[in-house]
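Asks: sequence and computational prediction follow.
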Amino acid sequence: MARQGFLSRLHPSRLGLLHLLRLYSLVLLFLPAIPAGLLLFSTDASVLLNGVSLLLLASLSLPVIASAVIGHAIVRALLGPLRLLLEGAEKVETGEYGHTIDLSGHPGAPEELVHLVGSFNRMSDTVRRHVETIQATSRTDQLTGICNRRHLLAEGYRIINVAIRGGKPCSCLMIDIDHFKEVNDNHGHPVGDRYLIHIAGCICAATRDSDLTARYGGEEFVVLAPNANLEEARILAERIRMTVAQSPLQVPTGVLRNTVSIGVAEYSMDPEFGANVLEDMIEKADKALYRAKQFGRNRVESWPFPQEPRHAP
């Protein structure tokens, strides 16, 4: 049992890479001393002279064999983990952030490489979390937590292209909080920020899972409604308008009962205002929003305009 314990401590996986290298260097260091030792301690000179070639061959062969065994152990202990580290670095470099290396298939890996792989895995996970934070920040409005204008435009092109290729409708809702300046003037900007968050929540509560809601700027919001034609988008807009109107916000300085005005437009393959289909649709929805403001606020208007505005709610 004691011998087995000693031998187990000499196993390459227990010794570690540095100890294996030290052992290898010691064997090479004592290599010249072995033939001299055999000559010094030999008691039969005639036997020694007659078998000197054999002794020299044996004394030189044993260290060489030992060196080869140790060298082979070093190579086996290094190659597998190093190959995984190289592959892992290439995957992280190509964007596979968070990739982890599993050494379960290499139980004989030196302790130093095990620590190195652990550090790599922690670093890879840190990179993944940082990249996710940066990506979320780049597409999220920091105040309301919904999408920002940059992400709206980037994702909007994809949504429009999918609709065009599939021959499906897609509409845009431009939403503006009525008299929002009075909230800031009468209650202060912190309350105004709180109210923006409240309105964003009301809009999201009234939209569908497939809709993309974003803060367009200031007190304006945009909803892209894929698979919704103009009439279906008007129904969605009315639902948003009513949700906001029925959801006043209690604040320390009073109750905020602001309403929203909404402009609606469906995309057209013949842009009139924008440089492309998406910009044209947003511009038309904005013009419809302006019309809703002109005719009393707290209402929904759509492009193209009818001859007479619809009755206010």
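Replies: It's in.

Asks: strands of the stretch 51-200 of the chain, residue ranges please.
Replies: Applying DSSP state E, counting those that start in this stretch to the stretch 51-200 of the chain gives strands spanning 170-177.

Asks: okay, now the unreliable bits of it?
Replies: In the predicted model of the stretch 51-200 of the chain, residues 51-76 satisfy pLDDT under 70.

Asks: helices of that one, start to end?
Replies: 52-93, 111-139, 149-166, 180-187, 189-206 (DSSP state H, counting those that start in this stretch).

Asks: show me how far the fourth one is from its chain's centre.
Replies: Relative to the mean C-alpha coordinate of its chain, helix 180-187 is positioned 38 Å out (Cα atoms, centre = their mean, to the nearest Å).

Asks: also stretch 160-171?
Replies: That offset, for stretch 160-171, works out to 28 Å (Cα atoms, centre = their mean).

Asks: quick one: end-to-end distance for that stretch.
Replies: The first residue of stretch 160-171 is 9 Å away from its last residue (Cα to Cα, to the nearest Å).

Asks: tell me where the stretch 201-313 of the chain is predicted with low confidence.
Replies: 307-313.

Asks: rewinding a little: which one of the helices of the stretch 51-200 of the chain lies closest to Gly105?
Replies: helix 52-93 (7.4 Å; Cβ to Cβ). C-beta here means a position set from N, CA and C on the backbone, and glycine is covered the same way.

Asks: winner for burial among the helices of the stretch 51-200 of the chain?
Replies: Sort the helices of the stretch 51-200 of the chain by mean neighbour count, taking mean count of other Cβ atoms under 10 Å, and helix 189-206 sits at the top with a mean of 18.

Asks: same for that helix, what does it pack against?
Replies: strand 170-177, helix 180-187, strand 212-217, strand 220-226, helix 230-245, strand 249-251, strand 254-256 (3 or more Cβ pairs under 8 Å, 6 or more residues apart in numbering; DSSP states H and E).

Asks: including distance to Leu289, could the helices of the stretch 51-200 of the chain go into TSV?
Replies: TSV is the format used below for the helices of the stretch 51-200 of the chain (distance: least, Cβ to Cβ, whole Å):
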stretch	distance to Leu289
helix 52-93	46
helix 111-139	24
helix 149-166	16
helix 180-187	13
helix 189-206	14
